[in-house]
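**Q** structure here, sequence nowhere to be found:
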């Protein structure tokens, strides 16, 4: 009887190990991001390398940023990303690969056609132009998350845990 218990624990241990490997693999898939630049080239962020790279179909890589990105958006001629260490927002011009800082620390951000939405260091929701200028507060209390839905934003308040809809 005790042999069956050990056998069951062994199977459970193997299943837990497989699940952990799957989670690590999914994390790698999420962190290894490829965005198509032109036919035959793509931008890559890798879990195993520090930086953002332009890769070609013949496996040449050009480092276009030394920063490690954790959130990555492509919009028109720019790549927007949140730098991992400090949390600043940068953008890279996809034509000449020039890079500039758009915003100081933010916890999360999203890029739309003409605006950048972000949670600032005080956990408040703000909106700015794509270059970081003309920032305005959209929700005056701390939030834990937000999502864009058409002409509105859904936010979750840290204070009461409730969701609120903001018209934009």
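**A** Ah, there it is. Because the structure is predicted, anything quoted here is derived from the model rather than measured. Residues are numbered from 1 along each chain as shown.
**Q** which ones are touching residue 65?
**A** Contacts for residue 65 (CB atoms under 8 Å, 6 or more residues apart in numbering) come out as 51-52, 81, 90, 92, 99. C-beta: built from backbone N, CA, C; applies to glycine.
**Q** for it, which non-adjacent residue is closest in space?
**A** Nearest residue to residue 65 in three dimensions, chain neighbours excluded: residue 52, at 4.2 Å (CB to CB, 6 or more residues apart in numbering).
**Q** where does pLDDT dip in the chain?
**A** 1-49, 56-57 (pLDDT under 70).
**Q** what ranges does it have for its helices?
**A** Residue ranges of the helices in the chain, as given by DSSP state H, are 2-31.
**Q** max pairwise distance over the contacts of residue 65: which two?
**A** Using CB to CB, the contacts of residue 65 reach their maximum pairwise distance at 51 and 90, which is 12.2 Å.
**Q** higher neighbour count, those two?
**A** Shown here are residue 51 and residue 90; by other CB atoms under 10 Å, residue 90 has more neighbours (19 against 15).
**Q** the more buried one and residue 119, how far apart?
**A** Taking CB to CB, to the nearest Å as the measure, residue 90 falls 17 Å from residue 119.
**Q** how about residue 165?
**A** The spacing between residue 165 and residue 119, counted by CB to CB, is 17 Å.
**Q** the two: which is more packed in?
**A** More neighbours surround residue 119 than the other of residue 165 and residue 119, with 22 against 9 (other CB under 10 Å).
**Q** what's the closest non-adjacent residue to the more buried one?
**A** The spatial neighbour of residue 119 that comes closest, neighbours along the chain excluded (CB to CB, 6+ apart), is residue 107 at 4.3 Å.
**Q** for the one you found, give me its contacts.
**A** 87, 118-121, 123.
**Q** buried set for stretch 147-165?
**A** By 16 or more other CB atoms under 10 Å, the buried positions in stretch 147-165 come out as 153, 155, 164.
**Q** hang on, I meant stretch 60-68
**A** By 16+ other CB under 10 Å, the buried positions in stretch 60-68 come out as 64-65, 67-68.
**Q** looking at it, residue 136 is touching residue 128, isn't it?
**A** Yes - when contacts are counted by CB atoms under 8 Å, residue 136 is listed as touching residue 128 (7.3 Å).
**Q** looking at these two, which one has more neighbours?
**A** Per other CB under 10 Å, whichever of residue 136 and residue 128 has more neighbours is residue 128, with 18 against 9.
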